[in-house]
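model this:
(one chain, ligands or ions: 1)
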Amino acid sequence: MNNIATLTDVRRSFVQADIEISVLRGVNLNIKAGEVVALVGPSGSGKSTLLQALGLLEGGFTGSIQIDGEEMAKADSTQRTLVRRDKLGFIYQFHHLLPDFSATENVILPQMIIGTNRQDAELRAQKLLTSLGIGHRLSHRPSQLSGGEQQRVAVARALANRPKLILADEPTGNLDEKTADIVLNQFLDLVRNEGSAALVATHNERLAQKMDRQVYLHNGVLEF
Ligand SMILES: Nc1ncnc2c1ncn2[C@@H]1O[C@H](COP(=O)(O)OP(=O)(O)OP(=O)(O)O)[C@@H](O)[C@H]1O
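Numbering: from 1, shown residues only. Now for the predicted structure:
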């Protein structure tokens, strides 16, 4: 199986009030195409920082970050934007949906940005939302949806452009335990059906065990 992401000796420190805190101290990780990996660690261990490295938005990292065989460490902002757009999907703890658009429109929009025609984009949005169990909420706006429904729309939006790798930061962290289980199971079914890989940050070991593999962030490095 091909590696979709390879991190080699990734490091990140923050300087706060003249004190340097090393959060990532040489992270090595391979994610294979189609594999769902749980990134486990307590609050403050650096899970979000590691997802930011792979998400190619923030600078300040050293080491090598390859996505689908392309080295990103020295890529310029145009290359990073294209890789983000074409290969990555993002899900956060809070949904970040556009409040004035319906569920369907929130999933159509990223597809239209890459040039998908409106009709195909709408069909895909409906298919994704229906497979996540909210086919009866297509024209609701985010404020008219429950937390679990909002997070399902965010999942559909992240998958809309068929990314090779989904980066999810505590995607069910804002939901009660029962809803978190349901949404995570639907997310995993859909990701596996679509053949995407995913790196899912969680501090919840029970949820982590649902994934193909677990990696543990401890003292700035990954333990397997
Ligand atoms: N921009 C920043 N400036 C200074 N310190 C930062 C910054 N971003 C993160 N940190 C520090 O890095 C450490 C790791 O933070 P990070 O958010 O990656 O942890 P996390 O494992 O995702 O935590 P949580 O589960 O609570 O979201 C924390 O100690 C945090 O204070």
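
got any ranges where this structure has weak pLDDT?
1 (pLDDT under 70).

Which strands or helices does the biggest helix by length in it pack on?
Determined from DSSP state H, the single longest helix within the chain is helix 177-194. If you count contacts as 3 or more CB pairs under 8 Å, 6 or more residues apart in numbering; DSSP states H and E, helix 177-194 packs onto strand 36-40, helix 118-131, helix 147-159, helix 205-208. For glycine as for every other residue, the C-beta is placed from the backbone atoms N, C-alpha and C.

Pick the most buried one from the ones you listed.
Highest mean neighbour count of the helices and strands packed on helix 177-194: helix 147-159, a mean of 25 (counted as mean count of other CB atoms under 10 Å).

elements contacting it?
Under the contact criterion of 3+ CB pairs under 8 Å, 6+ apart, helix 147-159 touches strand 88-91, helix 103-113, helix 118-131, strand 165-169, helix 177-194.

just to revisit the earlier point, CA-only coordinates of the helix or strand just after the longest helix of the chain in CSV, if you can.
Using DSSP states H and E, the helix or strand that follows helix 177-194 in sequence is strand 197-202. Presented in CSV, the C-alpha positions along strand 197-202 are these (Å, rounded to 0.1, in the frame of the first residue of the first chain):
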residue,chain,number,x,y,z
ALA,A,197,-7.2,7.8,4.8
ALA,A,198,-7.8,9.7,8.1
LEU,A,199,-5.8,10.9,11.1
VAL,A,200,-8.3,11.4,13.9
ALA,A,201,-7.1,13.2,17.1
THR,A,202,-8.9,12.1,20.3
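
and His140, helix, strand or coil?
With DSSP: H, G, I helix; E, B strand; the rest coil as the basis, His140 sits in coil.

Compute the number of surrounding residues for Asp100.
For Asp100, the neighbour count with other CB atoms under 10 Å is 10.

Test my guess that it contacts Arg141.
Yes - using CB atoms under 8 Å, Asp100 is in contact with Arg141, at 7.0 Å.

show me what contacts the closest residue to Asn3 other than its chain neighbours?
Spatially, and ignoring its direct neighbours in sequence, Asn3 is nearest to Asn30 (4.9 Å; CB to CB, 6 or more residues apart in numbering). Contact partners of Asn30, counting by CB atoms under 8 Å, 6 or more residues apart in numbering, are Asn3, Ala5, Thr6, Leu7.

element containing the third one?
Mapping Thr6 onto the secondary structure by DSSP H and E places it in strand 3-16.

so what does that strand touch, helix or strand wise?
On a contact count with 3+ CB pairs under 8 Å, 6+ apart, strand 3-16 meets strand 19-32, helix 47-55, strand 62-67, strand 197-202.

Listing partners with orientation, what would you give for it?
strand 19-32 (antiparallel), strand 62-67 (antiparallel) (DSSP bridges).

Close to the ligand: what parts of this protein are there?
The chain comes close to the ligand at residues Phe14, Gln16, Val23, Gly41, Ser43, Gly44, Ser45, Gly46, Lys47, Ser48, Thr49, His203, as judged by CB under 6 Å from any ligand atom.

again, 5 Å this time
The chain comes close to the ligand at residues Phe14, Val23, Ser43, Gly44, Ser45, Gly46, Lys47, Ser48, Thr49, as judged by CB under 5 Å from any ligand atom.

Pretty sure the fourth one sits in a helix.
No - according to three-state DSSP, Gly44 belongs to no helix; its state is coil.

and it, how many neighbours?
A total of 11 residues lie near Gly44 under the criterion other CB under 10 Å.

Dump stretch 139-158 to PDB, restricted to CA.
The C-alpha trace of stretch 139-158 is given here as PDB (Å, rounded to 0.1, in the frame of the first residue of the first chain):
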ATOM      1  CA  SER A 139     -32.400  22.200   3.300                       C
ATOM      2  CA  HIS A 140     -32.000  23.000   7.000                       C
ATOM      3  CA  ARG A 141     -29.500  25.700   8.000                       C
ATOM      4  CA  PRO A 142     -26.900  24.900  10.700                       C
ATOM      5  CA  SER A 143     -28.800  26.700  13.400                       C
ATOM      6  CA  GLN A 144     -31.800  24.500  12.600                       C
ATOM      7  CA  LEU A 145     -29.800  21.300  13.200                       C
ATOM      8  CA  SER A 146     -28.700  19.400  16.300                       C
ATOM      9  CA  GLY A 147     -25.000  19.300  17.300                       C
ATOM     10  CA  GLY A 148     -24.800  15.700  16.000                       C
ATOM     11  CA  GLU A 149     -26.500  16.700  12.700                       C
ATOM     12  CA  GLN A 150     -24.200  19.800  12.300                       C
ATOM     13  CA  GLN A 151     -21.100  17.500  12.800                       C
ATOM     14  CA  ARG A 152     -22.500  15.100  10.100                       C
ATOM     15  CA  VAL A 153     -22.700  18.000   7.700                       C
ATOM     16  CA  ALA A 154     -19.100  18.900   8.500                       C
ATOM     17  CA  VAL A 155     -18.100  15.300   7.800                       C
ATOM     18  CA  ALA A 156     -19.900  15.400   4.400                       C
ATOM     19  CA  ARG A 157     -18.200  18.700   3.600                       C
ATOM     20  CA  ALA A 158     -14.800  17.300   4.400                       C
END
